[in-house]
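[1] model this:
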Amino acid sequence: MQLQQLRYMVCVAEEKRFTRAAARLHVAQPSISSAVAALEQELGATLFHRDRSEVTLTGAGEVFLPWARQVLADCDAGAAAVRDLLGLERGRLVIGATPSLTTNLLPPVLSRFHVDHPGVEMTLHEAGSQELVERLSRGEMDLAVVILPVDRPSVQADALMQEELVLAVNRSHPLAHRRVIRVNELETVPLVMFKDGYDLREATLAACRQAGFVPVMAMQGLEMDGALALAAAGVAAAVVPGSVVAATGPLKAIRFRGASLQRTIGLASRRDRPLSPSAAVFVDALRRHMEKLHADQESARAT
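    Predicted coordinates:
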């Protein structure tokens, strides 16, 4: 079994046509067809249903595909680790993060890392925590900054810091004069709500359910930028991390009494794969930034 056969098989599965896979890989179609046929012969199973309109996976193909992806991802990661170890100036680092974390928390770390290591090609994937953990487990990313807990045996997740959630309202909102609010007071407050699968949505709904009510949703299906923009425009309030509400901006942050709405930011990585040197440097920078941010928040609360 050859890596090239696995790459061809994965590409055909994604493109659903041998011709499209050949165009994407810049090879002749007969080369892909013969490589896949040889792989099927070695496995003793047909991997694809072939017809004129589309190629689809058989049951054996569906079982084999994630293993093929895993092998390819592990080989790519091993090659990247060797390049880092040899001190090459170029490298690759793929990071995942939730939209709420890329809005405010991560940009300073990403910027500093890029300045210090300009030869490292960085890719950032934005998605909800569940999707990021799934992609990380498939070997598509090196690291993911997510919201805990993470329930995936192949993924290790370590806490970075606790973050307080607040109610963000336009400064002309009826609640804008308040400094704190109880969760049960949200029962009569229309909210803009995030997309399904986003931790902020789940945290808000869970807190409301625990308080005995279902919140009124003025609009839902949003990501961070949209939620903040609509809240700033006065459409409705939004439950967001305190770090995304600027002190002098159009939004006012109202804390929940007793910091009753919080989330834990964590760093997720593969258990079976050591961090590459570039990933380890990024993790150190991220931890230092989070520690400073936490200290600044504690100082602000004390005053």
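
[2] what's the spacing between Ala253 and Gly234?
    Per C-beta to C-beta, to the nearest Å, Ala253 is found 16 Å from Gly234. Just so you know, the C-beta spots here come from the backbone N, C-alpha and C atoms, and that holds for glycine as well.

[3] Between these two, which is the more surrounded one?
    Shown here are Ala253 and Gly234; by other C-beta atoms under 10 Å, Ala253 has more neighbours (20 against 13).

[4] Surely the more buried one is in contact with Asn170?
    No. Taking contacts as C-beta atoms under 8 Å, Ala253 lies outside contact range of Asn170: 11.7 Å.

[5] Remind me which helix or strand Phe213 belongs to.
    Using DSSP states H and E, Phe213 sits within no helix or strand.

[6] And for Val36?
    Using DSSP H and E, Val36 maps to helix 29-43.

[7] Now do that helix: everything it contacts.
    By C-beta atoms under 8 Å, 6 or more residues apart in numbering, the list of residues contacting helix 29-43 from outside reads 1-2, 4-6, 8-9, 11-12, 18-19, 21-22, 25, 46-48, 60, 64.

[8] Now intersect those with the helices, please.
    Using DSSP state H, the members of the contacts of helix 29-43 that fall within helices are 4-6, 8-9, 11-12, 18-19, 21-22, 25, 60, 64.

[9] Same question for stretch 199-209: list its buried residues.
    Under the neighbour-count criterion of 16 or more other C-beta atoms under 10 Å, stretch 199-209 has 199-205, 207-208 buried.

[10] could you redo the residues you listed as CSV and give each row secondary structure?
    Converted to CSV, the buried residues of stretch 199-209 look like this (DSSP: H, G, I helix; E, B strand; the rest coil):
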residue, secondary structure
Asp199, helix
Leu200, helix
Arg201, helix
Glu202, helix
Ala203, helix
Thr204, helix
Leu205, helix
Ala207, helix
Cys208, helix
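
[11] and after the helix or strand hosting Gln162, which helix or strand comes next?
    Gln162 belongs to strand 155-170 when elements are defined using DSSP H and E. Later in the chain than strand 155-170, the nearest helix or strand by DSSP H and E is strand 180-181.

[12] Within its sheet, name the partner strands of that next one and how each one runs.
    According to DSSP bridges, strand 180-181 forms sheet pairs with strand 251-256 (parallel).

[13] What mean pLDDT does the partner strand get?
    The average pLDDT within strand 251-256 is 95.

[14] before we move on, the earlier item: what's the closest of the buried residues of stretch 199-209 to Ile95?
    When the buried residues of stretch 199-209 are compared for distance to Ile95 (C-beta to C-beta), Asp199 wins out at 17.5 Å.

[15] how about the nearest residue to that closest one, chain neighbours excluded?
    Spatially, and ignoring its direct neighbours in sequence, Asp199 is nearest to Ile147 (3.9 Å; C-beta to C-beta, 6 or more residues apart in numbering).

[16] Quick one: residues contacting that neighbour.
    Ile147 makes contacts with 98, 129, 199, 263-266, as judged by C-beta under 8 Å, 6+ apart.
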